[in-house]
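Participant: give the three-dimensional model of this entry:
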Amino acid sequence: MSGSKIKTVLIDLSGTIHIDDQEIHNSKDSLKRLRSQNVNVKFVTNTTKESKKCLLNRLNGIGFDIKPSEIFTSLTAARHLIEKRDLRPLMIVDDRALEEFEGITQTDNPNAVLIGLAPDKFNYKTMNTAFRLIQDGCPLIAIHKARYYKKTEELALGPGPFVTALEYATDTTSHIVGKPEASFFLSSVEEFNCQPEECVMIGDDVRDDIGGAQKTGMLGILVRTGKYRIRDEDKISPPPYKVVDNFQQAVDVIVNELL
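Facilitator: This next block holds a predicted model:
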């Protein structure tokens, strides 16, 4: 049981409240119930295959009422890092995500490698170009290192295996900006002026969502939807605060036990 009253709820998107263009069991009504409880709500996502604008269009098309200011993405965190370091990265990201980096300088002489989920670009030529840049001293920035994610009917490789391949080949370590990094979670709640112990994270990824949040001092509620697989909860220590069937049940836990 949490020692502090929960003031902020962080919610993963894909695999937690929707998969592609489909709502996950009663998530829309459950979100309305959560909003009625006088808590802060923030959607935190490692999605890199599309910009925030594209993502919002998708969510609104499903019927979710979500404002742009309520979404904090790993793409946003990556842009902040690029601007802070004045980098000109080779961008290995999906074309639908490029608008998130509008205005970022791209030249024939990049000084960094940025990699996200980009299935059409994970080919030998592109990876070899990235390999050579890193070998020459360019930093490798991983928007996140998810092992896999849930598509409508199946699991698919995330960017993690490709980031790891570049790390292995170049004997270097990537700088990760998205979940499960503590800086990502803490940045997402800065505006609310609350402490980590006053926050709870709901997600389907036991390592990136739950493990990452709990390492910052937040609570974690793992849902058995999306990429969840049997006994995932045994893969982190401490285990999740709760493991529930879906987002609806996660909201039940928050309303009945944490507020």
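
Participant: from residue 85, how far out is residue 203?
Facilitator: According to C-beta to C-beta, to the nearest Å, residue 203 stands 29 Å off from residue 85. The C-beta positions use only the backbone N, C-alpha and C, and glycine is treated the same way.

Participant: which of the two has more neighbours?
Facilitator: Neighbours were tallied for residue 203 and for residue 85 using other C-beta atoms under 10 Å; the higher tally belongs to residue 203 (34 against 13).

Participant: nearest spatial neighbour of residue 85, skipping sequence neighbours?
Facilitator: residue 112 (7.6 Å; C-beta to C-beta, 6 or more residues apart in numbering).

Participant: to what extent is that neighbour buried, counted in neighbours?
Facilitator: For residue 112, the tally of surrounding residues (other C-beta under 10 Å) stands at 20.

Participant: torsion angles phi and psi at it?
Facilitator: phi -160, psi 160 (degrees, to the nearest 10).

Participant: which ones are touching it?
Facilitator: Counting by C-beta atoms under 8 Å, 6 or more residues apart in numbering, residue 112 makes contact with 82, 85, 87-90, 133, 138-141.

Participant: swap in residue 163?
Facilitator: Shown in contact with residue 163 (C-beta under 8 Å, 6+ apart): 115, 140, 142, 145, 174.

Participant: what's the closest of these to residue 208?
Facilitator: The nearest member of the contacts of residue 163 to residue 208, counting by C-beta to C-beta, is residue 145 at 8.1 Å.

Participant: so that closest one sits in a helix?
Facilitator: No. Counting by DSSP: H, G, I helix; E, B strand; the rest coil, residue 145 is located in no helix; its state is coil.

Participant: out of the helices and strands in this structure, which is least certain?
Facilitator: When each helix and strand of the chain is scored by mean pLDDT, DSSP states H and E, strand 148-150 comes last, with a mean of 79.

Participant: hmm, back to that, who's the residue nearest to residue 85 bridged to?
Facilitator: Applying DSSP bridges to residue 112 yields these beta-bridge partners: residue 89.

Participant: renumber starting at 389 from here on
Facilitator: With the count now opening at 389, the last piece we talked about shows up as residue 500.

Participant: report the buried residues of stretch 545-564.
Facilitator: 546-548, 550-551, 554-555, 558, 562, 564 (16 or more other C-beta atoms under 10 Å).

Participant: which two of those have the greatest separation?
Facilitator: For the buried residues of stretch 545-564, the maximum inter-member distance is 19.8 Å, found between 546 and 558 (C-beta to C-beta).

Participant: coming back round to it: just the buried residues from the contacts of residue 500, in PyMOL please.
Facilitator: Of those, the buried ones go into a single PyMOL selection, burial set by 16+ other C-beta under 10 Å:
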select buried, resi 470+475+476+477+478+521+526+527+528+529
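
Participant: of the contacts of residue 500, which belong to helices?
Facilitator: Within these, residues falling in helices by DSSP state H are 470, 473, 521.

Participant: contacts only, for the spatially most central residue of the chain.
Facilitator: Centroid-nearest residue in the chain: residue 434, 2.2 Å away (criterion: C-alpha atoms, centre = their mean). By C-beta under 8 Å, 6+ apart, residue 434 lies in contact with 461-462, 531-532, 534, 566-567, 596.

Participant: so which of these is the closest to residue 482?
Facilitator: Nearest to residue 482, judged by C-beta to C-beta, of the contacts of residue 434 is residue 531 at 10.6 Å.
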